[in-house]
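Asker: Give me coordinates for this.
(2 chains)
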2 protein chains.
Amino acid sequence: VPPVIILVTPQLGENIGMVARAMGNCGLDQLRLVAPRDSWPNPDAVKAAAGADWILNQTQVFATTQKAIADLCQVYATTARSRFMEKAMVTLPKMQEKWDVVLPTGILFGCEKSGLSNEDVTLADYILTIPVNPNFSSLNLAQAVLLVAYSWFQGQGQDQVHSSMLTQPAPKDELLHLFEHLEKELDQSGFFFPPHKRPEMVQNLRNALTRAGLTTQEVRTFRGIIKSLTKKIDNNF
Amino acid sequence: VPPVIILVTPQLGENIGMVARAMGNCGLDQLRLVAPRDSWPNPDAVKAAAGADWILNQTQVFATTQKAIADLCQVYATTARSRFMEKAMVTLPKMQEKWDVVLPTGILFGCEKSGLSNEDVTLADYILTIPVNPNFSSLNLAQAVLLVAYSWFQGQGQDQVHSSMLTQPAPKDELLHLFEHLEKELDQSGFFFPPHKRPEMVQNLRNALTRAGLTTQEVRTFRGIIKSLTKKIDNNF
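Answerer: This next block holds a predicted model:
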């Protein structure tokens, strides 16, 4: 089941809205607030949610963290600081293997200013840390939620690998005709100089063009280009 | 080397600041802006950066995307929409294997409202997609940067896979000069016909040549080819 995101004493409505947007991006929709500083519903949140209204509309507000996690079987407390607690720690990358659980799960995020209180962390089964730059580790609240939500989303296998947009490269004979066309014109224009270097020059040219994996249409385009660039001779006769 | 983050025509200073903060969280520090809507430096950005001042202080501003990528050898364009372009696509989870330690690399992000233009996408070697909820896929700008930066940060701890590329692709400004040279000659030879199709034809051409990953030497060769194929006019005068 998708985890519940729980913001404990969040301060800015804008951050709550951005949390909702990030959750929507990653397919989560259960948001709970514990004693938000400002009243709820909050117009700043709606604005920042950029369309994730269905999440805000069903957001539940609780007076205490204990009440907010009452129906959950597994709770993680996100924190950057070490808490010197006897509690199992999990890093976000390791969560990939743990998301696939049937237990109703909640993830606690502290307020913008000071994070979770030790009391709240104590309620959790695990401490969840997001490994970032140790010299600048303070994540914006919505950014922290995004990283966790994205990790969950990836774990879902919903990360469909887009098949490459590339269409099929042209059959080799079309490519070879392009090479021959180009090389013939370059012979006539005296490009291959000195002559004994011609084989190497041709090889380099062909390598570069082969690497492009040109389609049939593109081969046709390049032949058109060669024709266009060389036709002026006739015009001048 | 860490990738350069490039925001193309960003609108809100606050988003730029949050981008800087997210970069700082993930150990990136090179930020470039292409034609930001508001003047730079921007106090809104400083406030939202929450201390990532060292990134804002060295942020470079460019007039065009072309100038912003001139010294880079590998460019990714982040986009949610499919562009129907002949360009290789990479999903963010797959980037873990691709974060290249050798090539100077840039990641393009479009503006908040509409993302990257097709013209900008055409300049890139790859399209980078971030797989999220297909029914609510619009990521906040800073959120998108965070996911990419975090992916890079995670990749740093892993065994680096070295580029299979034998030699280094040319810096983008060399490639752009090749494009301009070729297109100028094709304009003169009347290749782009009918005229209203020119933008699409240019886009296809640039995509095909970008895909080849031409080296500096190969770019020089192709410019020699164009010169060689077009010089005959003069001979006939």
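
Asker: which non-adjacent residue is nearest the residue most central in space within chain A?
Answerer: What sits nearest the mean C-alpha location of chain A, by Cα atoms, centre = their mean, is residue A:150, with 7.6 Å. Distances taken as Cβ to Cβ, 6 or more residues apart in numbering or on different chains put residue A:26 closest to residue A:150, at 5.3 Å, once the chain neighbours are dropped. All C-beta spots, glycine's among them, are computed from the backbone N, C-alpha and C.

Asker: Would you enumerate the residues in contact with residue A:80?
Answerer: Shown in contact with residue A:80 (Cβ atoms under 8 Å, 6 or more residues apart in numbering or on different chains): A:115, A:129, A:130, A:132, A:137, A:138, A:139.

Asker: I'd like to know how far it sits from residue A:116.
Answerer: Per Cβ to Cβ, to the nearest Å, residue A:80 is found 10 Å from residue A:116.

Asker: on that earlier part again, was I right to think the residue nearest to the centre of chain A contacts residue B:144?
Answerer: No. Counting by Cβ atoms under 8 Å, residue A:150 stays clear of residue B:144, with 10.8 Å between them.

Asker: quick one on the thing from earlier: taking the mean pLDDT, what do you get for the helix or strand where the residue nearest to the centre of chain A lies?
Answerer: Residue A:150 belongs to helix A:141-155 when assigned by DSSP states H and E. Helix A:141-155 shows a mean pLDDT of 94.

Asker: Please apply the same query to stretch A:213-223.
Answerer: Here the average pLDDT along stretch A:213-223 is 90.

Asker: just so I have it, where are all the helices in chain A?
Answerer: A:13-25, A:43-49, A:53-57, A:65-68, A:92-95, A:118-123, A:141-155, A:172-188, A:198-211, A:216-230, A:232-236 (DSSP state H).

Asker: ok, and which of the ones you listed has the densest surroundings?
Answerer: Ranked by mean neighbour count under mean count of other Cβ atoms under 10 Å in any protein chain shown, the helices of chain A are led by helix A:13-25, which reaches a mean of 26.

Asker: Please give the centre-to-centre distance between it and its chain.
Answerer: Distance, stretch centre to chain centre, for helix A:13-25: 16 Å (Cα atoms, centre = their mean, to the nearest Å).

Asker: dump the residue contacts of residue A:4.
Answerer: With contact set as Cβ under 8 Å, 6+ apart, residue A:4 has these partners: A:30, A:31, A:32, A:72, A:104, A:105, A:106, A:107.

Asker: Could you check the pLDDT of it?
Answerer: What the model reports as pLDDT for residue A:4 is 96.

Asker: Distance check, residue A:23 against residue A:109.
Answerer: Noted for residue A:23: a distance of 11 Å to residue A:109, by Cβ to Cβ.

Asker: hey, which helix or strand in chain A has the poorest pLDDT?
Answerer: Within chain A, no helix or strand scores below helix A:232-236, which has a mean of 51 by mean pLDDT, DSSP states H and E.

Asker: What distance do you get for residue A:130 to residue B:53?
Answerer: Note on residue A:130: its distance to residue B:53, by Cβ to Cβ, is 22 Å.

Asker: of all the contacts of residue A:4, which comes closest to residue B:125?
Answerer: Distance to residue B:125, by Cβ to Cβ, is smallest for residue A:107 among the contacts of residue A:4, at 37.0 Å.

Asker: what about stretch A:93-103 and chain B, touching?
Answerer: Yes. Legend: contact between stretch A:93-103 and chain B by Cβ under 8 Å from any Cβ of the partner chain is shown at residue A:93.

Asker: Next: stretch A:217-234.
Answerer: Yes. In terms of Cβ under 8 Å from any Cβ, part of stretch A:217-234 sits within range of chain B, namely A:217-218, A:221-222, A:224-226, A:228-233.

Asker: Pull the distance from that stretch to the chain's centre.
Answerer: Centroid displacement of stretch A:217-234 relative to its chain, using Cα atoms, centre = their mean, is 41 Å.

Asker: Contacts for that stretch, please.
Answerer: Residues from elsewhere that reach stretch A:217-234 (Cβ under 8 Å, 6+ apart): A:170, A:174-175, A:177-178, A:181-182, A:185, A:189, A:209, A:212, A:214, B:86, B:182, B:185-186, B:189-191, B:201, B:204-205, B:208, B:226, B:229-230, B:232-233, B:236.
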